[in-house]
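Asks: would you be able to build a 3D model of this:
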Amino acid sequence: MKHIKILGLLIIALLAISSCKEDDELVFTTSEAEGVAFNTTFLDSYMLNSSLGNNLAERFTWSAVEFDVPTEVSYSLEAATMEDFSDFIDDSTNEDFSKYNIGTTTSNELPVTIANMLDLAALAGLDNDPNTDAPNIGKLYFRIKAFVGQQGVPSFSEVQSLNIELQENTETGGEIPNCPSIWVVGAGAPDAGWGWDTPVELLCFDDVYKTNINLVNDAFRFFLTEGDWDSGQNYTFYSGEGYTIDSNLVDAMDGDNNFSFTGTPGRYLLIVDTVNKIIRLDAPQAEVSNCDAVWVVGAAAVDAGWGWDTPVEFSCTDGYFSANINLVNDAFRFFLTEGDWDSGQNYTFYSGEGYTIDPNLVDAMDGDNNFSFTGTPGKYLLGVDTVNKTITLGNPRAEEANCDAVWIVGAGASDAGWGWDTPVEFSCTDGYFSANINLVNDAFRFFLTEGDWDSGQNYPFYSGEGYIIHPDLVDAMDGDNNFSFTGTPGNYLLTVDTVNKVIDLR
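Replies: Next comes the predicted model:
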């Protein structure tokens, strides 16, 4: 009986082993899924600037797919320089593997930086040196691979081609960064968000950091080191160091004392000047156009008038249209096509689309519902942000000087004082003089010639010429009738418009 029991147990054990072996050989297989496709609205062309490598070039998004097994789907964004993907590298040991394989995720989006595209552009034989025979314009190709597990049949989207152009370096290509960058991360900078995939890089020029940045009403923070949360510098850090901070940037009071942007959402030039301890927002710098222009015509745009001989062209970058424009108190309209009166878009078009419009721009109520400018005549940067749906007027962006400079000296200009060691220079474009200047409650004077006390022009000179002068600038009544600044001390854009005869502070 004992032997029979042992034999029975052996038979049961063998059956169990056989059953386990059969289970181990079970393999779940999937068939190819359908429907994986990009749903990104791609640009006609992507202008790539090598100094902005960490900035977002495009955020790729795609539709979700379902395989015939209930499991999580993964997506890989793959790139190539050939449309048939014949150059694609799938070998993870190859040094160029990461250039072709952008990333893998279980979500439905992945960011691609300018640096990612530049790496691929180099593999495609493009460069940005105008002195070589290599082109700076070409195409890159992308696709999505959807898969489950390791052995499932992958599904691929159609190949998406993107036109790219490498911004060429030139001998006169402007400033060159000469110190380490800093970064911005946060919901207030929507191109970055609270993550390190696409932080906004501020390039450094002689310890002054700056970049164009899209801002919305939310929080952000500066970081000294990319990817390092511990390197953050918040609002209280800078205020504690004695910085003068733009009035549209306040303490978020969110537990981390981040910066909070409270101004009109849109695109700005963000400057952190560690020399003079100033953080300010200014008109965005000119950028390379990558979308179709629009035009302004109308009596309010004095350089245009109601005709097509000299319309004011607004260049476009990523849906942001902008131009410096001379405005007087009259009407104007935007036009999508140069020379085509039927392409006009008036005030009610934009207000009906939900745009927030600068209070100095109103409905002209003239039968055509044009825009009417009601502010102080002068030169402005007029911006139309089709992403955030805002139309704004701001300080004009810097332009190439084409007339002689003037200078300011005086105790009211704290960086100058009453001497010629460090006068404040005002550059001139088409009779419009401007400079950023630190002002305190004291006197100053304009001078036509640097170092020449006899070339001064005081308050009565300009008032006698019929200039409209900002109310914070008055006659000092000091014997020389200098200008006296009576406003809140700080950094201002001081402008002298000799065409419209206006001296303004912004």
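Asks: domain parsing of this protein, as residue ranges.
Replies: 46-166, 179-282, 291-394, 403-505 (automatic domain parsing).
Asks: could you dump these into JSON lines with distance to residue 35, mean pLDDT and mean neighbour count added?
Replies: C-beta: built from backbone N, CA, C; applies to glycine. What follows is the domains of the chain, written out as JSON lines (distance: least, Cβ to Cβ, whole Å; pLDDT from 0 to 100; neighbours: other Cβ atoms under 10 Å):
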{"stretch": "domain 46-166", "distance to residue 35": "5", "mean pLDDT": "86", "mean neighbour count": "16"}
{"stretch": "domain 179-282", "distance to residue 35": "26", "mean pLDDT": "92", "mean neighbour count": "18"}
{"stretch": "domain 291-394", "distance to residue 35": "29", "mean pLDDT": "93", "mean neighbour count": "18"}
{"stretch": "domain 403-505", "distance to residue 35": "53", "mean pLDDT": "92", "mean neighbour count": "17"}
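Asks: helices of the stretch 151-300 of the chain, start to end?
Replies: Under the criterion DSSP state H, counting those that start in this stretch, the stretch 151-300 of the chain carries helices at the ranges 235-240.
Asks: need the domains of the chain in a markdown table (columns: distance to residue 36).
Replies: Below are the domains of the chain laid out as a markdown table (distance: least, Cβ to Cβ, whole Å):
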| stretch | distance to residue 36 |
| --- | --- |
| domain 46-166 | 5 |
| domain 179-282 | 22 |
| domain 291-394 | 27 |
| domain 403-505 | 51 |
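Asks: which stretch among those domains comes nearest residue 40?
Replies: domain 46-166 (5.0 Å; Cβ to Cβ).
Asks: what residues are up against the residue positioned nearest the centre of the chain?
Replies: What sits nearest the mean C-alpha location of the chain, by Cα atoms, centre = their mean, is residue 213, with 3.5 Å. With Cβ atoms under 8 Å, 6 or more residues apart in numbering as the criterion, the residues that contact residue 213 are 184, 189, 191, 200, 267, 268, 269, 270.
Asks: equivalent analysis for residue 447, please.
Replies: 406, 407, 408, 409, 423, 453, 455, 456, 457.
Asks: on that earlier part again, residue 39: which of the domains of the chain is closest?
Replies: Here domain 46-166 is closest among the domains of the chain (Cβ to Cβ), at 5.5 Å.
Asks: quick one: the closest one to chain centroid distance?
Replies: 23 Å (Cα atoms, centre = their mean, to the nearest Å).
Asks: now do the same end-to-end measure for it.
Replies: End-to-end span of domain 46-166 (Cα to Cα, to the nearest Å): 8 Å.
Asks: now swap in stretch 407-426 and tell me
Replies: End-to-end for stretch 407-426, by Cα to Cα: 6 Å.
Asks: I'd like the numbering to begin with 13 instead of 1 from here.
Replies: I'll keep to 13 as the first residue from here, and by that count the last item is stretch 419-438.
Asks: ok, and what's touching that stretch?
Replies: 288, 417-418, 445-447, 449-459, 461-463, 494-497, 506, 508.
Asks: hmm, 7 Å instead?
Replies: For stretch 419-438, the external contacting residues (Cβ atoms under 7 Å, 6 or more residues apart in numbering) are 417-418, 445-447, 449-452, 454-459, 462-463, 494-497, 508.
Asks: helices or strands up against the longest strand along the chain?
Replies: In the chain, with assignment by DSSP state E, the single longest strand is strand 149-159. Applying 3 or more Cβ pairs under 7 Å, 6 or more residues apart in numbering; DSSP states H and E, one finds that strand 149-159 contacts strand 86-92, helix 126-135, strand 167-168, strand 172-178.
Asks: among those, which comes closest to residue 397?
Replies: helix 126-135 (21.0 Å).
Asks: pretty sure residue 378 sits against residue 343.
Replies: Yes: taking contacts as Cβ atoms under 7 Å, residue 378 lies within contact range of residue 343: 5.8 Å.
Asks: picking up where we left off before, adding secondary structure and distance to residue 57, write the contacts of residue 459 out as a markdown table.
Replies: Shown next, in a markdown table, are the contacts of residue 459 (DSSP: H, G, I helix; E, B strand; the rest coil; distance: Cβ to Cβ, whole Å):
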| residue | secondary structure | distance to residue 57 |
| --- | --- | --- |
| 418 | strand | 41 |
| 419 | strand | 43 |
| 420 | strand | 43 |
| 421 | strand | 48 |
| 435 | coil | 44 |
| 465 | helix | 54 |
| 467 | helix | 49 |
| 468 | strand | 51 |
| 469 | strand | 48 |
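Asks: and of these, the nearest to residue 255?
Replies: Ranked by distance to residue 255 (Cβ to Cβ), those are led by residue 420 at 23.4 Å.
Asks: separation between that closest one and residue 431?
Replies: For residue 420, the distance to residue 431 equals 12 Å [Cβ to Cβ, to the nearest Å].
Asks: so which strand or helix has the nearest residue to residue 121 once chain neighbours are set aside?
Replies: In this structure, residue 121 finds its nearest non-sequential neighbour in residue 73, 4.5 Å apart by Cβ to Cβ, 6 or more residues apart in numbering. Using DSSP states H and E, residue 73 falls within strand 68-73.
Asks: parallel or antiparallel, which strands does that strand pair with?
Replies: Using DSSP bridges, strand 68-73 pairs in its sheet with strand 121-125 (antiparallel).
Asks: next, the angle helix 126-135 makes with the partner strand.
Replies: Strand 121-125 and helix 126-135 are oriented at 70 degrees to each other (axes from the mean of the first three to the mean of the last three Cα atoms, to 10 degrees).
Asks: now strand 121-125 - C-alpha only, CSV.
Replies: What follows is strand 121-125, C-alpha atoms only, in CSV (Å, rounded to 0.1, in the frame of the first residue of the first chain):
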residue,chain,number,x,y,z
GLU,A,121,2.8,63.7,-26.9
LEU,A,122,6.6,64.2,-26.9
PRO,A,123,8.5,67.5,-27.2
VAL,A,124,11.2,68.0,-29.8
THR,A,125,13.8,70.7,-29.0
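Asks: about what we covered before: quick one: which of the contacts of residue 225 sit in strands?
Replies: Those of the contacts of residue 225 lying in strands (DSSP E): 196, 212, 279, 280, 281, 282.
Asks: that older thread, show me which pair in the contacts of residue 225 is furthest apart.
Replies: Spatial extent of those (Cβ to Cβ) is set by the pair 203 and 281 at 14.7 Å.
Asks: contact partners for residue 301?
Replies: Remark: with contacts taken as Cβ under 7 Å, 6+ apart, residue 301 is in contact with 327, 328, 329.
Asks: which of those lies closest to residue 89?
Replies: Taking the contacts of residue 301 together and measuring to residue 89 by Cβ to Cβ, the closest member is residue 329, at 24.5 Å.
Asks: tell me the bridge partners for that closest one.
Replies: residue 332.
Asks: surely it touches residue 304?
Replies: No: assessed by Cβ under 7 Å, residue 329 is found out of contact with residue 304, at 11.4 Å.
Asks: show me what the nearest residue to residue 140 once chain neighbours are set aside bridges to in the sheet.
Replies: Excluding the flanking residues, the one nearest residue 140 by Cβ to Cβ, 6+ apart is residue 178, at 4.0 Å. Residues in a beta bridge with residue 178, per DSSP bridges, are residue 60.
Asks: residues touching the nearest residue in space to residue 286 that is not next to it in sequence, list them.
Replies: Leaving out its chain neighbours, the residue that sits closest to residue 286 by Cβ to Cβ, 6+ apart is residue 219, at 4.8 Å. When contacts are counted by Cβ under 7 Å, 6+ apart, residue 219 touches 191, 286, 287.
Asks: just residue 273 next, same as before
Replies: Residue 273 touches 200, 227, 228, 229, 230, 260, 261, counting by Cβ under 7 Å, 6+ apart.
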